[in-house]
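Undergrad: let's see this in three dimensions:
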Amino acid sequence: MPFSRYLRPFFAVLALSVTTAGSAVAHVSLVYPTGGEMLVAGSPVTIEWVLVIPHDQIDWDLYYSPDGGVTWEAIELNLPPAQMSYQWIVPASGTGMGRVRVVQDNVGGDYEASSTDFVIEAVGTAVEDHIDLPGASLLLHAYPNPFTGSTVFSVELLEAGPVQVEIFDVTGNRVALLEDDSASRGIREIPWSAGGLPAGIYLARVVQRGRVTTTAVVLAR
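TA: Numbering: from 1, shown residues only. Okay, here's the model as predicted:
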């Protein structure tokens, strides 16, 4: 499945509306995440929202769902009405159906906005990937990690064939394509220079014949 499926335009927020008490007008809208992003487990993410229609408001409540909205758990409750963002640590468990919801808690009726599904990429160890995915590409490690300017990925391909090695930021944007060609079986050393990219967590991904292996690297400045 193309990774572009996980990437959606920022302006998708304009189409987000919530039906409450028979009204299809959004009283609050999420700015980020709105759905379609790829987040890295354990990384910090800023949830942002905007007030569309003001009310006699008490506070904001934030919730997270790992299963597409079937169940919800509180992220933070009773945030002040003037607050429109919250730094959230992405849960450690991976999912393809993560969602967040912001609730405008009012004196009268409440209003809410929920994202559609986003992906949380759980980062495992190379040994676990090798055991769980026999015959798949195996991203062994990056050295150095953390790094300040450049690092080298050591990638073991357990079979010959087309391979892609890509780098994504924590919002799911691809920032580098390091390899996109047919390769023979064996270990490959692939350098990456981060150039003018900002410091932070990046996700390296190897794809071969529909199998995917990932690891996180930290760029320090």
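Undergrad: and the residue nearest the centre of this protein?
TA: L39 (1.4 Å; C-alpha atoms, centre = their mean).
Undergrad: so that one is in which element?
TA: Using DSSP states H and E, L39 maps to strand 38-40.
Undergrad: tell me the average confidence for that strand?
TA: In this model, strand 38-40 carries a mean pLDDT of 80.
Undergrad: what strands flank it, and is each parallel or antiparallel?
TA: strand 118-121 (parallel) (DSSP bridges).
Undergrad: distance from the chain centre to the strand it pairs with, please.
TA: 5 Å (C-alpha atoms, centre = their mean, to the nearest Å).
Undergrad: quick check: mean pLDDT of it?
TA: Rounded to a whole number, the mean pLDDT of strand 118-121 is 84.
Undergrad: got it, and stretch 166-178?
TA: Per-residue scores along stretch 166-178 average to 86.
Undergrad: how long is it from one end to the other?
TA: 6 Å (C-alpha to C-alpha, to the nearest Å).
Undergrad: got a list of contacts for that stretch?
TA: Contact partners of stretch 166-178, identified using C-beta atoms under 8 Å, 6 or more residues apart in numbering, comprise 3, 6-7, 32, 36-40, 43, 45, 118-119, 153, 164-165, 190, 192, 197, 200-205, 207. Using the backbone N, CA and C atoms, a C-beta is placed for each residue, glycine as well.
Undergrad: in strands, which of these appear?
TA: Within the contacts of stretch 166-178, residues falling in strands by DSSP state E are 32, 38-40, 45, 118-119, 153, 164-165, 190, 192, 200-205, 207.
Undergrad: I figured I58 was touching N106, is that so?
TA: Yes - with contacts counted by C-beta atoms under 8 Å, I58 reaches N106, the gap being 6.3 Å.
Undergrad: which residues of this structure score low on pLDDT?
TA: The chain contains residues with pLDDT under 70 at 1-26, 123-140, 210.
Undergrad: what's the domain layout of it?
TA: What automatic domain parsing lists as the domains of the chain is 3-121, 126-219.
Undergrad: what's the longest strand in this structure?
TA: Ranked by residue count under DSSP E, the longest strand found in the chain is strand 95-106.
Undergrad: right, and the helix or strand after that strand?
TA: Remark: after strand 95-106, the chain's next helix or strand is strand 111-114, criterion DSSP H and E.
Undergrad: now the helices for the chain?
TA: Applying DSSP state H to the chain gives helices spanning 126-132.
Undergrad: before we move on, the earlier item: now the strand holding L39: how far from the chain's centre is it?
TA: 2 Å.
Undergrad: one more: stretch 80-90?
TA: That offset, for stretch 80-90, works out to 17 Å (C-alpha atoms, centre = their mean).
Undergrad: repeat for stretch 175-189
TA: The answer for stretch 175-189 is 23 Å, by C-alpha atoms, centre = their mean.
Undergrad: ditto for stretch 80-95
TA: For stretch 80-95, the separation from the chain centroid amounts to 12 Å (computed by C-alpha atoms, centre = their mean).
Undergrad: how about the CA coordinates for it, as CSV?
TA: Backbone C-alpha positions of stretch 80-95 (Å, rounded to 0.1, in the frame of the first residue of the first chain) are rendered in CSV as follows:
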residue,chain,number,x,y,z
PRO,A,80,-8.3,26.4,30.3
PRO,A,81,-10.5,27.9,27.5
ALA,A,82,-7.7,30.1,26.3
GLN,A,83,-5.4,27.1,25.6
MET,A,84,-5.4,25.9,22.0
SER,A,85,-2.6,23.4,22.0
TYR,A,86,-1.1,20.6,24.0
GLN,A,87,2.1,18.7,23.8
TRP,A,88,1.3,15.0,23.8
ILE,A,89,3.7,12.1,24.0
VAL,A,90,2.6,9.6,21.4
PRO,A,91,1.6,6.2,22.9
ALA,A,92,4.2,3.4,22.8
SER,A,93,1.8,0.9,21.1
GLY,A,94,1.6,1.0,17.3
THR,A,95,-1.7,1.3,15.5
